[in-house]
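Peer 1: For reference, the sequence and a predicted model appear below.
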Amino acid sequence: MQLLKKIPHNVWKAFKYYSYFYIGTNYLCPVSIVVCKGESMEPTIRENDVLLTEKVSIRRQHLKNNDIIIFKHPFKSDRTVCKRVAVDGYEEYQDMEDLDENYISFVNVTVRGDNESSSHDSRDYGPIPYGLIESRAVMKLWPVKDFTIFKRGV
């Protein structure tokens with residue numbers, strides 16, 4: 001009987017800790033480290049390069065043309081992919097608060113690899129749903145000799 005009384009308390013405790021973890025990793029410290037595989041983004045990003053990524057611009061729907069993003073593959077959910085946002089003029093919209101800034105439509109996003117000969121991207125599977133995007137690359141941390149801060153919209 002004592003065990004049955006503890007179940008609701010333990011469920012509530014587990015939910016509370018999960019909530020702290022979720023909020024902490026997604027809102028309080030919305031950055032992550034990503035190790036890149038493959039050659040589709042060469043020469044910008046090579047095999048085993050380490051990137052620092054952020055999630056705030058994704059949540060605020062402030063992606064820009066040429067941003068490098070990390071997203072779930074649209075057909076292979078166990079794979080995470082790194083590509084560059086590539087839009088045509090009609091897919092951009094102007095932010096009403098800041099008329100100098102152009103952002104990307106938050107319905108579907110067209111992505112491209114820098115190395116066109118070995119990249120599977122929107123040319124193969126079409127635009128990706130915005131919901132698959134996990135983060136935006138901010139800088140390349142490793143190897144140290146290639147340390148780079150990625151400029152937005154360039």
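Peer 2: On my side now, so go ahead.
Peer 1: what residue lies at the spatial centre of the chain?
Peer 2: Within the chain, one residue has its C-alpha closest to the average C-alpha position: by C-alpha atoms, centre = their mean, that is Ser135, at 2.1 Å.
Peer 1: For it, give me the pLDDT.
Peer 2: In this prediction, Ser135 carries a pLDDT score of 92.
Peer 1: Work out for me the element it sits within.
Peer 2: According to DSSP states H and E, Ser135 maps onto strand 133-142.
Peer 1: What pairs with that strand, parallel or antiparallel?
Peer 2: When sheet partners are counted by DSSP bridges, strand 133-142 sits next to strand 50-54 (antiparallel), strand 68-72 (antiparallel), strand 148-149 (antiparallel).
Peer 1: Of all the ones you listed, which one comes closest to Asp124?
Peer 2: Relative to Asp124, the nearest member of the strands paired with strand 133-142 by C-beta to C-beta is strand 68-72, separated by 14.4 Å. For every residue, glycine as well, the C-beta is placed using N, CA and C.
Peer 1: Show me how far the longest helix seen in the chain is from its chain's centre.
Peer 2: With secondary structure taken from DSSP state H, the chain has its longest helix at helix 2-23. Mean-position distance between helix 2-23 and its chain equals 30 Å (C-alpha atoms, centre = their mean, to the nearest Å).
Peer 1: re the thing from before, ok, now which ones touch the residue nearest to the centre of the chain?
Peer 2: Ser135 makes contact with Ser32, Val34, Thr53, Glu54, Lys55, Ile58, Ile69, Ile70 under the criterion C-beta atoms under 8 Å, 6 or more residues apart in numbering.
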